[in-house]
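A.B. asks: What follows is a predicted protein model with its sequence.
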Amino acid sequence: STVLECAKCLPAKAGIYAAWVARMAEKHAAWAIALAPRLVEELRVLIRSGRTRSAQILLQFVAGLGNSGLLGLDDVIALLEEVAALSSGLRPAKGGDLGVYLALSTLPYLSPAAHTKAADRVETRMQGV
């Protein structure tokens, strides 16, 4: 959980922490695997409690994990799709654009190589947004 705290509190270093986690996964696979569920739960807590900036930073960390290959790009895109779905049925005045905003603001943090690999999936999955 310390790495999650660092990633969300130091926005300029979210990508660095993602690369560090990917490197640590080489020798501590169980630790790295256990990080994913904690990451998703922390993201839920942040969004539910209205801490959108911290959620946005954590999503940048997720993009970094996808860039590093620790998380599959399909998983990253699926998570962004779920975040975007938070806006479904809500008016903008009631927070209806929050999920879409969080998902779309994460896309620039995908590396050019990751974007090239996942461009069709990003376009297909985000069309409904």
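C.D. replies: Looks like it came in fine. On a predicted model such as this, the values are computed, not experimentally measured, just so you know. Residues are numbered from 1 along each chain as shown.
A.B. asks: Count the residues that sit near the closest residue to A84 other than its chain neighbours.
C.D. replies: Spatial nearest neighbour of A84, excluding adjacent residues (C-beta to C-beta, 6 or more residues apart in numbering): A103 at 3.9 Å. Every C-beta, even on glycine, is put in place using the N, C-alpha and C of the backbone. Look at A103: counted by other C-beta atoms under 10 Å, it has 23 neighbours.
A.B. asks: A103 and L35: what is the separation?
C.D. replies: In this view, A103 and L35 are 21 Å apart by C-beta to C-beta, to the nearest Å.
A.B. asks: Where does the spatially most central residue of the chain fall, secondary structure wise?
C.D. replies: Most central in the chain under C-alpha atoms, centre = their mean is L59, positioned 2.8 Å from the mean C-alpha point. Taking DSSP states H and E as the criterion, L59 maps to helix 52-68.
A.B. asks: in that helix, what's buried?
C.D. replies: 54-68 (16 or more other C-beta atoms under 10 Å).
A.B. asks: and it, average pLDDT?
C.D. replies: Summarised as a single mean, pLDDT over helix 52-68 is 92.
A.B. asks: Any idea how far the following helix or strand past that helix is from the middle of the chain?
C.D. replies: Next in sequence after helix 52-68, counting helices and strands by DSSP H and E, comes helix 73-85. The chain centroid and the centroid of helix 73-85 are separated by 8 Å under C-alpha atoms, centre = their mean, to the nearest Å.
A.B. asks: pretty sure A114 is in contact with S68, am I right?
C.D. replies: No. Between A114 and S68 there is no contact under C-beta atoms under 8 Å: 9.3 Å.
A.B. asks: Once you drop chain neighbours, what's closest to L110?
C.D. replies: A63 (5.3 Å).
A.B. asks: scratch that, G69
C.D. replies: Closest to G69 by C-beta to C-beta, 6+ apart is A22, at 6.6 Å.
A.B. asks: mind checking which helix or strand that neighbour is in?
C.D. replies: Element membership for A22 (DSSP H and E) is helix 14-25.
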